[in-house]
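Engineer: Quick one, fold the following:
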Amino acid sequence: MIDVLPDDLVVQILMHIPIKDAVATMILSKRWRYIWTMLPKLKYKESDDVTEDECKSIWHFLDKSLQLHKAPVIKKLHTELGPRCPVDVDVGKWITNAVDRKVCKLTFQLKWAAKPIKLPKSLYTCSTLVSLVLCDKICVDIISPGSLPSLSYLCLLAVVFKDESSLVGLLSSCPILKGLKVVSNDYQKDSSDSTGSLMIDSLTLKTIFIYDYSGDAFSIENRSCLDAASIYVLGHPDYKTVRSFSSLRIFDIYLNIFTVGCCITNNFSRLIKCIILPYNLNWLEPLMILVQNSPKLKVLVIDGTYLTEDFPVSWNHPDSVPKCLLTHLEIFDWRGYRARSEEKELVRYILANSSCLKVVAISMRSTCSFEDRERMMNELKSMSRISEPIIMQGGYIEQFTINPS
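Structural biologist: Residues are numbered from 1 along each chain as shown. Now for the predicted structure:
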């Protein structure tokens, strides 16, 4: 029956099976010999549960199949090579092949035992690329600006930057970039004794995700209006970076001694959703300042999973009820709730002053006993609140619904 289907439809069917199985269809008949070569999306992934010989066959298969592939445009190429990838494999020619075939979305992960490699310069001048994801043993080295006129999303996961100007040069090559994700670590620099900072400068960026526990400073000189940011860092943001967050609509932040300034010095006139992950500081007061300065806030999430048990916290009631509580806040979610006196007072204040609340989700810590969870939930149910209905979910493992009386 499938033999009567047109080639275009068969290609669509083959796109839903692993590439190795799609290539295997070439033995079915003369007609099937080349159908797989027109697949616009290719995914190669080295499995962890194969033998050394099977690994070698995978790399040979990847190399050979890319040579035989004939689709004029590769819409998506996803390649993951693990630690057993031979260090003498010429991975650069695969990238060059993809660029020559007008690749649109490229994901390339390399975890081999050798040093990070530099990818072909042609990658940074690919006019068709709209999404680029680079991971692990890859060295980003751009001496002069490239040209990526179509790139709207860039993701750099634990790659190595040759120097501070490498990321700056890459971003300057992307005139319409909208989304950026950078995950770095202590080994991000090409030289073990080098120090520096993460510098981000873009004219068009709207969404940014930064994960950097190296302790280096970071700077965002974004000249457009940021809409969303996730900031997980252990470094000092400069003044321009802090100010760039004032335009956010969605803010996800690892709140510590380095990033607390981002919360207490801005007026978040557009903010509608905020996720706070506090870590070892008196975080309740900065949180309340942020709430006061966010008049349109609809969703507030506190994730206390990583908080130290005995770290002291305190806060003062504001002179007036924050506007967001009176007019906008609909969802209040607290994960890792301990029910310390200051925490209970904060919950009590939010419940008593929020006119628009629809959902309150309270999750206890995993170390909390069943008896303590029951006691905490009874305390929460007894707190007065001015909006109905409110759904309160309690427990860390078990989740149950409590309807207000």
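Engineer: tell me which residues in stretch 258-266 are buried?
Structural biologist: F258, T259, V260, C262, C263, N266 (16 or more other CB atoms under 10 Å). (C-beta placed from N, C-alpha, C; glycine too.)
Engineer: Next up, the contacts around the fifth one.
Structural biologist: Listed by CB atoms under 8 Å, 6 or more residues apart in numbering, the contact set of C263 reads I253, L255, I276, P286, L287, I289, L290.
Engineer: let's go with 6 Å and repeat that
Structural biologist: For C263, the contacting residues are P286, L290, taking CB atoms under 6 Å, 6 or more residues apart in numbering as the criterion.
Engineer: Please put the alpha-carbon coordinates of the host helix or strand of it into PDB.
Structural biologist: Remark: C263 resides in helix 261-264, with elements defined by DSSP states H and E. As requested, C-alpha coordinates have been extracted for helix 261-264 and formatted as PDB (Å, rounded to 0.1, in the frame of the first residue of the first chain):
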ATOM      1  CA  GLY A 261      20.300  44.800  43.400                       C
ATOM      2  CA  CYS A 262      18.300  43.700  40.300                       C
ATOM      3  CA  CYS A 263      15.200  43.400  42.500                       C
ATOM      4  CA  ILE A 264      15.400  46.500  44.700                       C
END
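Engineer: where does the stretch 201-350 of the chain have low pLDDT?
Structural biologist: Across the stretch 201-350 of the chain, the stretches falling below the confidence threshold (pLDDT under 70) are 222-223, 309.
Engineer: Can you show me the strands along it?
Structural biologist: In order along the chain, the stretch 201-350 of the chain carries the following strands (DSSP state E, counting those that start in this stretch): 207-212, 217-220, 228-233, 250-255, 273-278, 299-303, 331-337.
Engineer: can you tell me which residues contact the most centrally placed residue in the chain?
Structural biologist: Compute the mean C-alpha point of the chain, and by CA atoms, centre = their mean the closest residue is F209, 5.5 Å away. F209 makes contacts with K181, S230, as judged by CB under 6 Å, 6+ apart.
Engineer: With S230 as the reference, measure out to it.
Structural biologist: 4 Å (CB to CB, to the nearest Å).
Engineer: Give me the neighbour count for D90.
Structural biologist: Around D90 there are 10 other residues, counting by other CB atoms under 10 Å.
Engineer: and what of the one 10 residues further on?
Structural biologist: Close neighbours of D100, defined as other CB under 10 Å, add up to 11.
Engineer: Not counting sequence-adjacent ones, nearest residue to it?
Structural biologist: Spatially, and ignoring its direct neighbours in sequence, D100 is nearest to S122 (7.9 Å; CB to CB, 6 or more residues apart in numbering).
Engineer: quick check, the one you found in a strand?
Structural biologist: No. Remark: S122 does not belong to a strand; assigned using DSSP: H, G, I helix; E, B strand; the rest coil, it is helix.
Engineer: That one reaches A98, doesn't it?
Structural biologist: No. At 9.6 Å, S122 and A98 do not qualify as touching, with contact defined as CB atoms under 6 Å.
Engineer: more crowded one of the two?
Structural biologist: Each of S122 and A98 has its neighbours counted (other CB under 10 Å); A98 has more, 27 against 14.
Engineer: Give me the distance between that one and V301.
Structural biologist: 39 Å.
Engineer: May I have the residues that are in contact with the closest residue to C225 other than its chain neighbours?
Structural biologist: On the basis of CB to CB, 6+ apart, the spatially nearest residue to C225 that is not a chain neighbour turns out to be S247, at 4.5 Å. Under the criterion of CB under 6 Å, 6+ apart, the neighbours of S247 are C225, L226, R270.
Engineer: now do C155
Structural biologist: Contact criterion CB under 6 Å, 6+ apart gives V133, K181 as the residues in contact with C155.
Engineer: can you tell me how far it sits from T96?
Structural biologist: If you measure C155 against T96 using CB to CB, the figure is 21 Å.
Engineer: now I138
Structural biologist: In terms of CB to CB, I138 sits 15 Å off from T96.
Engineer: from what I can see S202 touches L171, true?
Structural biologist: Yes. S202 lies in contact with L171 (CB under 6 Å); the separation is 5.2 Å.
Engineer: follow-up on the earlier one: can I get the strands of the stretch 201-350 of the chain in TSV including distance to H317?
Structural biologist: As requested, those are arranged in TSV below (distance: least, CB to CB, whole Å):
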stretch	distance to H317
strand 207-212	33
strand 217-220	34
strand 228-233	28
strand 250-255	20
strand 273-278	19
strand 299-303	17
strand 331-337	17
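Engineer: F311: which of these is closest?
Structural biologist: Checking the strands of the stretch 201-350 of the chain against F311 by CB to CB gives strand 273-278 as the closest, at 8.9 Å.
Engineer: Name the nearest residue to V291, ignoring sequence neighbours.
Structural biologist: Setting aside the residues directly before and after it, V291 is nearest to P322 in space (CB to CB, 6+ apart), at 4.9 Å.
Engineer: Number of residues surrounding the one you found?
Structural biologist: By the other CB under 10 Å criterion, the neighbourhood of P322 contains 23 residues.
Engineer: cool, and the one 3 residues further on?
Structural biologist: L325 is flanked by 26 other residues according to other CB under 10 Å.
Engineer: what's it in contact with, if anything?
Structural biologist: L325 touches N353, S354, counting by CB under 6 Å, 6+ apart.
Engineer: run the last query once more with 7 Å
Structural biologist: Remark: with contacts taken as CB atoms under 7 Å, 6 or more residues apart in numbering, L325 is in contact with I350, N353, S354.
Engineer: List the ones among the residues you listed that fall in helices.
Structural biologist: Secondary structure from DSSP state H places I350, N353 of the contacts of L325 in helices.
Engineer: Out of the contacts of L325, grab the one that's most surrounded.
Structural biologist: S354 (25 neighbours).
Engineer: close enough to count as contact, that one and L329?
Structural biologist: Yes. Counting by CB atoms under 7 Å, S354 touches L329, with 5.0 Å between them.
Engineer: sorry, back to before: which one (most neighbours) among the contacts of S247?
Structural biologist: Neighbours here mean other CB under 10 Å. Within those, the largest count is held by L226, at 21 neighbours.
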